[in-house]
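Asks: what's the 3D shape of this:
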Amino acid sequence: MTWWGKLVGGAFGFMLGGPLGAVLGAALGHQFDKGLNLADMQGGMGDAFAGIGNRERVQTAFFTALFSVMGHVAKADGRVSADEIAMARHIMQQMALDEAKRKLAIELFNRGKQADFDLDGVIQQFRQECHRRSTLLQMFMEILLHAAYADNVLDPAEQRLLERISEMLGFSRMAYQQLHARVEAQRQFHAGGEAVSPEAQLQEAYEALGVSESASDAEIKKAYRRLMNQHHPDKLVSKGLPEEMMKLATEKTQEIKAAYETIKKVRKV
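Replies: Next up, the predicted model:
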């Protein structure tokens, strides 16, 4: 059974407990207040909280933390732009969420925008639920960074908040800066198109892999393999990424592969 079936059939948001459970429980409760019934929320009637598996628990925590924290980051500069809302909806669309999951994601996003949102508690519990799964935490930060860049501008307040979140998740300042630079380069490489010169595209490809132009062929191949392994959809799902986010991970691997192929073509290797 999927995390969603366990969520619906179990003790709803309270099965996680703590700040994550409070946010999820409030979001689910709001959906019921608006008339969303169990028939709309497919799966798993009658499962007890004790029956939830570790992977499903982590998937539930990831989904809850991602959309609520995304809303909190979007509000960091004092307002949520139309581009940021569009990016959140785009991520939901990429995940092919059904109506019930989409409504829950939107409600979680809105919960994150509230002044009393317990960011520290949510992030600390999310890290604990992930049990040091570094690739999962990295994917979380990557999606947040992409969402923060929705309007092509990273506000200083958003930047400070993302740095704080990364620190709470256990990333060193250098590790976060490297991740940030790689995500920004991957965005630019992916959006480049014909308007970008071959030289600029090549430089963006190197940056997307997190290597310098002076790196050896072996070093570039090693960086490529490491990134592909970190973003392998099946591996991420096995560690707790919700199945609905497999497409996001797949698109990531395609972008990484495209950057590597660009470098290989120029180096003729």
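Asks: got a list of contacts for stretch 222-242?
Replies: Outside stretch 222-242, the residues that touch it by Cβ atoms under 8 Å, 6 or more residues apart in numbering are 3, 55, 58-59, 61-63, 95, 129-130, 133, 135-136, 138-139, 209-211, 215, 243, 245-246, 249-250, 252-253, 256-257, 260. To be clear about C-beta, it is placed using only N, CA and C from the backbone, and glycine gets the same treatment.
Asks: all helices for this protein, in order.
Replies: Using DSSP state H, the helices found in the chain span residues 3-9, 18-33, 54-74, 82-94, 99-113, 119-130, 134-148, 156-168, 173-191, 198-209, 217-230, 233-239, 246-267.
Asks: quick check: angle from the second one to helix 119-130?
Replies: Inter-element angle recorded for helix 18-33 and helix 119-130: 100 degrees (by axes from the mean of the first three to the mean of the last three Cα atoms, to 10 degrees).
Asks: what residues does helix 18-33 touch?
Replies: With contacts defined as Cβ under 8 Å, 6+ apart, helix 18-33 is touched by 12-16, 60-61, 64-65, 68, 100, 103-104, 107-108, 111-112, 117-118, 121-122, 124-126, 129.
Asks: residues contacting residue 83?
Replies: 150, 151, 152.
Asks: Find the nearest non-adjacent residue to the last one, please.
Replies: With Cβ to Cβ, 6 or more residues apart in numbering as the criterion, residue 152 has its nearest non-adjacent residue at 7.8 Å, and that residue is residue 83.
Asks: Would you quantify the distance from that neighbour to residue 256?
Replies: Counting by Cβ to Cβ, to the nearest Å, the gap from residue 83 to residue 256 is 25 Å.
Asks: What is the burial count for residue 231?
Replies: 22 (other Cβ atoms under 10 Å).
Asks: before we move on, the earlier item: kindly reformat the helices of the chain as a markdown table containing mean pLDDT.
Replies: Shown next, in a markdown table, are the helices of the chain (pLDDT from 0 to 100):
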| stretch | mean pLDDT |
| --- | --- |
| helix 3-9 | 59 |
| helix 18-33 | 77 |
| helix 54-74 | 90 |
| helix 82-94 | 83 |
| helix 99-113 | 91 |
| helix 119-130 | 94 |
| helix 134-148 | 90 |
| helix 156-168 | 94 |
| helix 173-191 | 86 |
| helix 198-209 | 87 |
| helix 217-230 | 93 |
| helix 233-239 | 86 |
| helix 246-267 | 89 |
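Asks: Of the contacts of helix 18-33, grab the buried ones for PyMOL.
Replies: A single PyMOL command selects the buried members of the contacts of helix 18-33 (16 or more other Cβ atoms under 10 Å):
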select buried, resi 12+13+15+16+60+61+64+65+68+100+103+104+107+108+111+112+117+118+122+124+125+126+129
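Asks: Now, of the contacts of stretch 222-242, which are buried?
Replies: Neighbour counting with 16+ other Cβ under 10 Å marks 3, 55, 58-59, 61-63, 95, 129-130, 133, 135-136, 138-139, 209-211, 215, 245-246, 249-250, 252-253, 256, 260 as buried within these.
Asks: Break the protein into its domains for me.
Replies: 1-153, 172-269 (automatic domain parsing).
Asks: What's the end-to-end length of the last one?
Replies: When you say that, I think you mean domain 172-269. Terminal residues of domain 172-269 lie 34 Å apart, using Cα to Cα, to the nearest Å.
Asks: how distant is it from the center of its chain?
Replies: 16 Å (Cα atoms, centre = their mean, to the nearest Å).
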